[in-house]
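S.K.: Kindly generate the corresponding structure for this input.
(one chain, ligands or ions: 2)
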Amino acid sequence: MLKAIYSGSIDYMQIMDENGTLDSGLVPKGLTDQMLVEMYKKMSFARALDAKTLSLQRQGRAVTYAPLVGEEAVQIGSASAMRQGDIFVPSFRQHGVYLTRGLPLEKFFIYWRGFEEGGAIPKEVNGLPVIVPVGTQVPHSAGIAYAQKYKKTGAAVIVYVGDGGTSEGDFYEAINFAGVFKLPLVVIIENNQWAISVPRSRQSAAETLAQKGIAAGIKCVQVDGNDVIAMYRATSDAINYSATGPTLIEAVTYRMSMHTTSDDPTKYRPDADVEAWKAKDPIARLMKYLVGKGLWTDSMESKMQDEQLKLIDEAVEKAEQFKPDPRSMFENVYSFMPETLKSEEDEAIAAGFWQG
Ligand SMILES: Cc1ncc(C[n+]2csc(CCOP(=O)(O)OP(=O)(O)O)c2C)c(N)n1
Ligand SMILES: [Mg+2]
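M.R.: Ligands and ions are numbered 1, 2, ... in the order given. You can find the predicted model right below:
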């Protein structure tokens, strides 16, 4: 006998197209125009913050930085759907998530000056610090989700991983574990088409990255990651479902800039590809919608930009006045301080590290 015992399919969700036109039947109930205006402001803020940090890095006033430009809808759409008690687990590009969750801007700049104190995320922000080892955050997030279920907190855990990260064993192990234990986990693949210079086509022969969830027996969907409404909807749906089990969301977007400030993408990708994605810009399309509905005007735009630049400049000033404590490099590495680390700490303090 030979018979098909499984056939899977993956839905693709887009609610707002490139012209800012809505598929009104899919707009989530409860999503108001005011909320969309707020999301627009946050997306614009994230882009302005990104441009500023890039400029600081070029002046030697920030460390190696991974720009988010082009990925604002993935981050602000999903973070706007989180409830206060939900916990997010980023990788290293999710600046828009921190912003939406209320990380004080000054902390953001302290971190990107290279100081550990900036990575001490305030409790109410409910998120982990920046995580650079690719893929390692996914098993951690599954562990945190397991704890939420065990302790019956009702919180969902939302983790972000890149298209490159989905090729790591960590990713498969984590979604498999989440499926078996029906964890309250939402895995968002921020598929920006590149892992440094490795294109999406070299990550997997599968047509979608979302379908990796099928093998783990979890819900999965592919979303237009440049559509903030679809990102909001997909994340809300997944959070609502989290008491039943995990969801994998593949957000299809594009990294409009360099991988990090140490990278030069002109060496490996044609400018024409980047140009083609400009037409799908997540901020421009939301603006078209808001302007069309009379919810946004040129004067509102310039007022918003002035306010945001002022807030950014004030935060940079505070962050640059901040005096780091060399002890912060040593604390929180282990739950206890091993002798060898303690002697390094003593040495750093005796040498007046960072005090010149
Ligand atoms: C385990 C590990 N291997 C390699 C690296 C170097 N590295 C940093 S980012 C990156 C690519 C990540 O690509 P992706 O997961 O698509 O995320 P994106 O940078 O596009 O947001 C690599 C290989 C690392 N940080 N950790
Ligand atoms: Mg990527």
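
S.K.: Of all residues in this structure, which one is closest to ligand 1?
M.R.: Across the chain, no residue is closer to ligand 1 than residue 162, which sits at 2.2 Å (CB to the nearest ligand atom). No exception for glycine: its C-beta is placed from N, CA and C like everyone else's.

S.K.: okay but that residue is in contact with residue 193, surely?
M.R.: No. Under the contact definition of CB atoms under 8 Å, residue 162 does not touch residue 193, with a separation of 9.9 Å.

S.K.: State the distance from residue 189 to residue 220.
M.R.: To residue 220, residue 189 is 10 Å away according to CB to CB, to the nearest Å.

S.K.: where does the residue of the chain closest to ligand 1 fall, phi/psi-wise?
M.R.: phi -80, psi 170 (degrees, to the nearest 10).

S.K.: Identify the bridge partners of it.
M.R.: For residue 162, the beta-bridge partners are residue 190 (DSSP bridges).

S.K.: What is the burial count for it?
M.R.: Residue 162 has 26 neighbouring residues, counting by other CB atoms under 10 Å.

S.K.: one step back: what do residue 189 and residue 220 both touch?
M.R.: Common contacts of residue 189 and residue 220 (CB atoms under 8 Å, 6 or more residues apart in numbering): 210, 248, 249, 250.

S.K.: Could you single out the nearest of those residues to residue 138?
M.R.: Of all the shared contacts of residue 189 and residue 220, residue 248 has the smallest distance to residue 138: 10.6 Å, by CB to CB.

S.K.: Setting aside sequence neighbours, what's the nearest residue to the closest one?
M.R.: Leaving aside its sequence neighbours, residue 248 sits nearest to residue 213 (CB to CB, 6 or more residues apart in numbering; 3.5 Å).

S.K.: Is the one you found in contact with residue 175, as I believe?
M.R.: Yes. Residue 213 is in contact with residue 175 according to CB under 8 Å; the separation is 6.3 Å.

S.K.: joint contacts of these two?
M.R.: In terms of CB under 8 Å, 6+ apart, residue 213 and residue 175 are both contacted by the residues 187, 248.

S.K.: picking up where we left off before, and residue 189 and residue 220? Which one has more around it.
M.R.: Between residue 189 and residue 220, counted using other CB under 10 Å, the more crowded position is residue 189 (29 against 26).

S.K.: Need phi/psi at the closest residue to the more buried one other than its chain neighbours.
M.R.: Counting by CB to CB, 6+ apart, the nearest residue to residue 189 once its immediate chain neighbours are dropped is residue 250, at 4.5 Å. Comment: the main-chain dihedrals of residue 250 come out as phi -100, psi 110, following degrees, to the nearest 10.

S.K.: Please list all residues in contact with residue 250.
M.R.: Taking CB under 8 Å, 6+ apart, we find residue 250 in contact with 189, 191, 208, 209, 210, 220, 221, 222, 223.

S.K.: switch to 7 Å and redo it
M.R.: 189, 191, 208, 209, 210, 222, 223 (CB atoms under 7 Å, 6 or more residues apart in numbering).

S.K.: Partner strands of the strand or helix carrying the last one, with direction?
M.R.: Under DSSP states H and E, the secondary-structure element containing residue 223 is strand 219-224. Taking DSSP bridges as the criterion, strand 219-224 forms sheet pairs with strand 12-13 (parallel), strand 247-252 (parallel).

S.K.: ranking these by burial, who's on top?
M.R.: strand 247-252 (a mean of 28; mean count of other CB atoms under 10 Å).

S.K.: so does it get close to ligand 2?
M.R.: No. No part of strand 247-252 sits close enough to ligand 2 to count as contact by CB under 5 Å from the ion; the gap is at least 10.8 Å.

S.K.: And stretch 216-235, by the same measure?
M.R.: No. Contact between stretch 216-235 and ligand 2, assessed by CB under 5 Å from the ion, is absent, since the two come no nearer than 11.2 Å.

S.K.: so what's the most centrally placed residue in the chain closest to, chain neighbours aside?
M.R.: With distances taken as CA atoms, centre = their mean, residue 94 lies nearest the centre of the chain, 3.1 Å away. Residue nearest to residue 94 in three dimensions, not counting chain neighbours: residue 160, with 5.2 Å by CB to CB, 6+ apart.

S.K.: ok so, going back, for the residue nearest to residue 248, identify the helix or strand it belongs to.
M.R.: For residue 213, the enclosing helix or strand under DSSP H and E is helix 212-215.

S.K.: so how far is that helix off the chain centroid?
M.R.: When distances are taken as CA atoms, centre = their mean, to the nearest Å, helix 212-215 is centred 22 Å away from the chain's centroid.

S.K.: mean confidence score for that helix?
M.R.: Per-residue pLDDT over helix 212-215 has a mean of 98.

S.K.: So which elements touch it?
M.R.: The criterion is 3 or more CB pairs under 7 Å, 6 or more residues apart in numbering; DSSP states H and E, and the helices and strands that helix 212-215 contacts are strand 219-224.

S.K.: contacts for the strand it packs on?
M.R.: The set of residues that contact strand 219-224 without belonging to it, under CB under 7 Å, 6+ apart, is 10-14, 208, 210-211, 213-214, 230-231, 234, 241, 245, 247-252.

S.K.: residues from the stretch 251-356 of the chain in reach of ligand 1?
M.R.: Neighbours of ligand 1 within the stretch 251-356 of the chain, by CB under 6 Å from any ligand atom: 255, 259.
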